[in-house]
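Colleague: Pasting the sequence and the predicted model now:
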Amino acid sequence: MGETPKIVILGAGSIGGFIGGAWHLAGADVSLIGRDPLVRSIGQHGLILSDLDGWKRRIPAGELPMTTKPAALAKADIVALCVKSNVTEAAAKQIATHAKRKPMVISFQNGLGNVDVLKRKLPKLEIVQAVIPFNIAYLGEGRWHKGVAGDILIEDRPATRALAAGLGNGPARLDPTGDIIAVAWGKLLINLNNAINALSGRTLLEELADRDYRRVWAASMMETLDLLKAAGIAPAKLGPVPPGLLPHAIGSPDIVFKNIFLRIQKIDPRARSSMYDDLAAGRATEAEHLNGEVVRLAARLGRKAPVNSALLALIKQAEAGVERRWSGAELRRHVLEGGQAAPLFGY
Ligand SMILES: NC(=O)C1=CN([C@@H]2O[C@H](COP(=O)(O)OP(=O)(O)OC[C@H]3O[C@@H](n4cnc5c(N)ncnc54)[C@H](OP(=O)(O)O)[C@@H]3O)[C@@H](O)[C@H]2O)C=CC1
Ligand SMILES: CC(C)(CO)C(=O)C(=O)O
């Protein structure tokens, strides 16, 4: 890899647009590959990036190279893969066809299985996992907003350390870390709320204000933590609360949750989960790669995961066109079947 690596973002959507823009502002050599409507919109408006601490920058139209053509992968030293998990295989095929410089491929996707797919499809390339703990909303007309605080965690290797140093300290900075699988499981615990948020049809803050939704999330985390323990996997701490205490913090009474948890973990009033975005746009979701990962882990252990199975089934119904906004009480009754899922803690 040369002095200034050429970074190509494959999948300029919420995450790809924000990190691509933020890295460009940090002086990196970045170009984006995305879909036609977005490419045209950025061609007209440029990019405007902001975050919840009041940081705001504009990149004029035409300054950041952007195309719909996968042939742009030819010049990549680094491919930042920012497509949804259900199209990883198709994206890997495009990389295999078009990349010429043996790029390092970094997956910024949620879920656990993407890196394995990439390793299988691209056996000669260096594949790296990164985990994004924050939320990005695409607000239209070239505007991206980072609505949850946090830094991107990336597998610690010489190449990723050099990349992190080159990108500096902006809002999409990289933080190299040791055990990325533990981090990815830690993130999955957080992402178990994506399905609940999508089914609620609300913003994250509106949803989390209702303890019944939080009880469902807490139960899905407890189920997952129990299975991870049986599998000998220790998820990493992401954010202010250690994984073992997360269900208790999330499922706690409103007064405790609002005055302690939400004071340390900042969430923008506009933020929603990426799964909400998918359902709202009529797209397939990543539920198979999140709740489904837990259901498959249970099956490997000869056990069941009733909470995550129920959430997965509801998301599949929603993907199939069943339009229903679940209230917290309805979802709790349906998924927890009268509290049987986690009797010990009354969630
Ligand atoms: N949004 C968020 O806040 C967060 C997202 N993540 C994770 O990041 C990943 C990306 O999510 P997100 O940015 O929200 O997804 P988006 O759907 O917003 O962005 C992905 C974009 O890539 C496009 N795309 C897919 N395949 C290709 C391709 N081969 N060539 C060009 N463009 C392509 C998609 O178009 P089309 O839809 O037409 O296929 C879409 O516009 C997911 O794994 C998600 O879970 C993680 C943390 C937070
Ligand atoms: C940041 C978070 C957890 C928000 O729900 C997310 O990962 C997503 O939206 O996919």
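Modeller: It's in. Quick caveat, the model's predicted, so the values are computed rather than measured. Ligands and ions are numbered 1, 2, ... in the order given.
Colleague: Please pull out the lowest mean pLDDT helix or strand from this structure.
Modeller: helix 262-264 (a mean of 84; mean pLDDT, DSSP states H and E).
Colleague: Now stretch 151-160: buried residues?
Modeller: Of all the residues in stretch 151-160, those buried under the rule 16 or more other CB atoms under 10 Å are D151, I152, L153, I154, E155, A159, T160. Backbone N, C-alpha and C define where each C-beta goes, glycine included.
Colleague: And the residue of the stretch 101-250 of the chain found nearest ligand 2, how close does it get to K266?
Modeller: Nearest residue of the stretch 101-250 of the chain to ligand 2 (CB to the nearest ligand atom) works out as N135 at 3.7 Å. According to CB to CB, to the nearest Å, N135 stands 11 Å off from K266.
Colleague: So for those two, which residue has more residues nearby?
Modeller: More crowded of N135 and K266, by other CB atoms under 10 Å: N135, with 23 against 15.
Colleague: just checking, the more buried one touches G150?
Modeller: No - look at N135 against G150 with CB atoms under 8 Å: they stay out of range, at 9.0 Å.
Colleague: Run through the residues that contact L163.
Modeller: Going by CB atoms under 8 Å, 6 or more residues apart in numbering, L163 touches P5, I78, I154, L174.
Colleague: Pull up the gap between it and A26, please.
Modeller: Distance from L163 to A26, by CB to CB: 11 Å.
Colleague: ok so, going back, ok, the contacts of L163 vs H289, which is closest?
Modeller: Closest approach between the contacts of L163 and H289, by CB to CB: I154, at 19.2 Å.
Colleague: re the thing from before, tell me which two in the contacts of L163 are the farthest apart.
Modeller: Across the contacts of L163 (CB to CB), the longest gap, 14.2 Å, separates P5 and I154.
Colleague: what does this structure have sitting close to ligand 1?
Modeller: 10-11, 13-16, 33-35, 82-85, 87, 90-91, 94, 108-110, 132, 135-136, 274, 283, 286 (CB under 6 Å from any ligand atom).
Colleague: ok, now with 5 Å
Modeller: 11, 13-15, 33-35, 82-84, 87, 91, 109-110, 132, 135-136, 274 (CB under 5 Å from any ligand atom).
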